[in-house]
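S.K.: Fold the following.
(chains A and B)
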Amino acid sequence: MTDIKNVLLAGVGGQGILLASEILSEVLMLAGFDVKKAEVHGMAQRGGSVVSHVRYGKKVLSPTISDGTADVLFGFELLETCRYLSLLKKGGQVIVNNVRISPPSVALGQQDYPENIPGYLRAAVDDTHIVNGMELAEQAGDIRTVNVVLIGALSLYLDIEKALWIQAIKAMVPERFLDINIRAFELGRESGITD
Amino acid sequence: MKKTILSGNEAIARGAYEAGVLVASAYPGTPSTEILENIVQYSEVDASWATNEKVALEVAIGASFGGGRALCTMKHVGVNVAADPLFTLSYTGVRGGLLLVVADDPELHSSQNEQDSRNYAKFAKVPMFEPSDSQEALDFTRLAYEVSEQFDTPVMLRTTTRISHSKSVVTTGDRVKNLPAPALERNPAKLVMLPGNARKRHPIVEQRTLDLEEWSATQSFHRVEEGTSDVGIITAGVAYQYAREALPDASVLKLGMVNPLPKKLIRDFAARYKTLYVVEELDPFIEDQIKAMGIEIIGKDILPICGELSTGIVRQALTGKKAATGVKGALQTLPSRPPNMCPGCPHRGVFLALNKLKAYVTGDIGCYTLGFMPPLSAMDTCICMGASIGNAVGMTKVLPVEQKQNVVAVIGDSTFLHNGINGLLDMVYNKSSTTLIILDNRITAMTGRQDNPASGYTLMNEESYEVDLAEICRAVGVKHVTVIDPYELDNTRELIRTEMARTEPSVIITRRPCMLMKRDVVEKKPPLFVESGKCTGCKVCLQIGCPAIEWDAAAGKRGEAKVNRHLCVGCSQCRQVCKFDAFGVCND
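M.R.: Presented below is the predicted three-dimensional model:
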């Protein structure tokens, strides 16, 4: 099963993780891979912790990623990225959105949000890329495009041509939001090049 | 023939369409909901949300008896509600093919228990398919209709969350043509289950199971994958994927139909391997039956009954090889992130009031079950759909007089219509003095905002009669029915206080649409902000548990509350609880 690649998306309900994993699995299918993706709907969406497992290769069996086998941990929020580090294999890669969203216990002042997660992630994983997704999404014109900004950043690290990414976004995003999302994708991709 | 990527639920909807299904009925329930939401795209299918799972199955049975192919879908606990018609449907058999899809939820991602629906198939003597990916979900759905009509039986198809909510690549087909046209046809000896008729049907059901077992042994939905080691694995459903990946050298008997089991096939396979395992999620359903055949096999001795399996769990159990360890986190205890009521949720103020009034709250199934979470912490029981009312009635029967009035039942609009009405009838009929709050957010919110009889629209987006909840309560005999806006916090609290003290049954309907409404979108108001200097750091606003309000310990003299303007919807509930007028409205 060594030809199977695993990408774990992790973040907070409401960040658009499910659309991001839709785009990712679509582009992988367009690139000719067998793809499986798994996630949970319902309780998880209401501001809770959300993960989506995406696996691709010649023939994918399990829809979920086991501990220590993810090639890429694709984090939409700092704390949630830390939470799922145990799924990342040694020598794996972290691509993470530089944003903190307080969970209830932090918002209530009962617990502290861990300090300096970017520094900690860089120390734990050599191949860590930090994306200022919120700023780029605002630049694109709508903060809600942060998921597509992050897809743009991810796109540099998977060996798939750019045109297919654009084709996948076109297939998954409603026509009226297309321009702004393409802009978000480009900004995310450029940020990775200068990283 | 088209290649596409579909979830298990989308594939089942597609399969039912291709099988020529005319009627689909369901009550929403995670992880089954998207099947009906997806079948709506096929105009040839009459798709509807039923008021509950029992009615959904009865609608499907009616369509089948009329000669059309019918689909009914539900989550695992829904079968408890639909069990009554299911068991007798097994006796009558079908006319048009009938498929009942049941989606189990190992790991309880979004459920109140972890029951294994395969037991229902055996209990009701109904054949059950179990797909391992989206392609099989589509293929088995199509096949189920042929089996249903060939063997004159309802058929069940069991998914789990990892089948229903996982996407994989699927090749689709076309809708079948030239099925017999529905028309009335009387057959009372088969369809009227009086004892005299039913007694004659029972042996037919027993023979049917034997026939299915013999037939299924030669079908391609069961398959043997030859390996190179002396280990044999018997498995089905998503567990097949984990077993196959964990032990690539083992031989595998993959079962496509898990009830009845193909005993001869199992016996032949078992005879060829030195070591035999059964890999299945939840109960030892296959394992117990194989052991009853006198075959030695290892299963739940080494695999967990509780929760989901994974490739890592199966590999470690069967080979003793430790699962891979990932990157170690030096950060020890991370703050958890449970789900929460949304900013602007109309339920928030009700639970704030119940907390302040120290009510003992019998709860129910819906978004509002999150009223259990701190800081609102205002839910004390939650059993099943509609249980809140009966629980409150029973509790007040045993409590001392001074505690009776503390008990309040809460239920959502959709859950009330599902079968809460029955509880309310009992409450009035048996002279309980309980207070019921119907949290009417105009939609079935938890499962993703589905319409229901009180929303005024159908699943197919047609306008329909909008049932009046207050009139229902009055009609069953409740004299004190009040409809209020739960955004008015003082009024809400005072009314709940008054009704709790009342010695007669009473109902409060808290009416305000869900913030996430798809139709009649709730317009967001300008966000609020905390005026620096005015906030005294009393933390009262934090007690409403709004995700948009955050404590900033470094601000001001003793810390201040802050509003996240990206999350705030301007509902102003925080402003109402602030005694220092510290909340302002952004007008930019």
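S.K.: for chain A, what are the nearby residues on the stretch 401-550 of chain B?
M.R.: Contact residues (C-beta under 8 Å from any C-beta of the partner chain) of the stretch 401-550 of chain B with chain A: B:Met446, B:Thr447, B:Gly448, B:Lys539, B:Leu542, B:Gly545, B:Pro547, B:Ile549, B:Glu550. No exception for glycine: its C-beta is placed from N, CA and C like everyone else's.
S.K.: who's in contact with the nearest residue to the last one once chain neighbours are set aside?
M.R.: Sequence neighbours aside, A:Ala107 is the residue nearest to B:Glu550 in space, at 4.3 Å (criterion: C-beta to C-beta, 6 or more residues apart in numbering or on different chains). By C-beta atoms under 8 Å, 6 or more residues apart in numbering or on different chains, A:Ala107 lies in contact with B:Leu542, B:Pro547, B:Ile549, B:Glu550, B:Trp551.
S.K.: Number of residues surrounding the second one?
M.R.: Using other C-beta atoms under 10 Å in any protein chain shown, B:Pro547 is surrounded by 24 other residues.
S.K.: Next one: it from B:Pro486, what distance?
M.R.: 18 Å (C-beta to C-beta, to the nearest Å).
S.K.: same thing with the first one?
M.R.: The spacing between B:Leu542 and B:Pro486, counted by C-beta to C-beta, is 19 Å.
S.K.: again with the third one
M.R.: In this structure, B:Ile549 and B:Pro486 are separated by 18 Å, where distance is defined by C-beta to C-beta.
S.K.: quick one: low-confidence ranges for chain B?
M.R.: B:330, B:588 (pLDDT under 70).
S.K.: longest helix in it, by residue count?
M.R.: Ranked by number of residues, the top helix in chain B under DSSP state H is helix B:195-216.
S.K.: Repeat that for chain A.
M.R.: helix A:178-193.
S.K.: Counting neighbours, what do you get for A:Gln111?
M.R.: When neighbours are counted by other C-beta under 10 Å, A:Gln111 comes out with 16.
S.K.: and the stretch 51-200 of chain B, which residues reach chain A?
M.R.: So the stretch 51-200 of chain B meets chain A at B:His109, B:Ser110, B:Asp133, B:Thr161, B:Arg162, B:His165, B:Ser166, B:Lys167, B:Ser168, B:Val169 (C-beta under 8 Å from any C-beta).
S.K.: How about the third one: what's its closest non-neighbour residue?
M.R.: What it means is B:Asp133. B:Ser168 (4.8 Å).
S.K.: Give the pairing partners of the host helix or strand of that neighbour; include direction for each.
M.R.: Using DSSP states H and E, B:Ser168 maps to strand B:166-172. Here strand B:166-172 is paired, per DSSP bridges, with strand A:34-39 (antiparallel), strand B:2-7 (antiparallel).
S.K.: List the buried residues in that strand.
M.R.: Buried residues in strand B:166-172, counted by 16 or more other C-beta atoms under 10 Å in any protein chain shown: B:Ser166, B:Lys167, B:Ser168, B:Val169, B:Val170, B:Thr172.
S.K.: Highest neighbour count among the contacts of A:Ala107?
M.R.: B:Ile549 (26 neighbours).
S.K.: From the contact counts, what lies against the longest helix of chain A?
M.R.: Secondary-structure packing of helix A:178-193 (3 or more C-beta pairs under 8 Å, 6 or more residues apart in numbering or on different chains; DSSP states H and E): strand A:127-131, helix A:133-140, helix A:146-155, helix A:162-172.
S.K.: Is there proximity between the shortest one and chain B?
M.R.: No. Strand A:127-131 stays clear of chain B (C-beta under 8 Å from any C-beta), getting no nearer than 10.5 Å.
S.K.: Also the longest one?
M.R.: No. Judged by C-beta under 8 Å from any C-beta, helix A:162-172 stays clear of chain B, getting no closer than 10.3 Å.
S.K.: Repeat that for the third one.
M.R.: No. Helix A:146-155 lies apart from chain B when judged by C-beta under 8 Å from any C-beta; the minimum separation is 10.5 Å.
S.K.: So which elements touch that helix?
M.R.: Partner elements for helix A:146-155 (3+ C-beta pairs under 8 Å, 6+ apart): helix A:17-30, strand A:70-75, strand A:88-97, strand A:127-131, helix A:133-140, helix A:162-172, helix A:178-193.
S.K.: With mean pLDDT and mean neighbour count added, can I get the ones you listed in JSON lines?
M.R.: Output for the helices and strands packed on helix A:146-155, formatted as JSON lines (pLDDT from 0 to 100; neighbours: other C-beta atoms under 10 Å in any protein chain shown):
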{"stretch": "helix A:17-30", "mean pLDDT": "95", "mean neighbour count": "23"}
{"stretch": "strand A:70-75", "mean pLDDT": "98", "mean neighbour count": "26"}
{"stretch": "strand A:88-97", "mean pLDDT": "96", "mean neighbour count": "21"}
{"stretch": "strand A:127-131", "mean pLDDT": "96", "mean neighbour count": "19"}
{"stretch": "helix A:133-140", "mean pLDDT": "96", "mean neighbour count": "20"}
{"stretch": "helix A:162-172", "mean pLDDT": "97", "mean neighbour count": "17"}
{"stretch": "helix A:178-193", "mean pLDDT": "94", "mean neighbour count": "19"}
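S.K.: out of these, which comes closest to B:Arg575?
M.R.: helix A:133-140 (26.8 Å; C-beta to C-beta).
S.K.: Send me the closest one as CSV with only the CA atoms.
M.R.: C-alpha atoms of helix A:133-140 as CSV (Å, rounded to 0.1, in the frame of the first residue of the first chain):
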residue,chain,number,x,y,z
GLY,A,133,-4.9,32.4,5.0
MET,A,134,-7.1,35.0,6.6
GLU,A,135,-5.2,38.0,5.2
LEU,A,136,-5.1,36.4,1.7
ALA,A,137,-8.8,35.7,1.8
GLU,A,138,-9.5,39.3,2.7
GLN,A,139,-7.2,40.3,-0.2
ALA,A,140,-9.2,38.0,-2.5
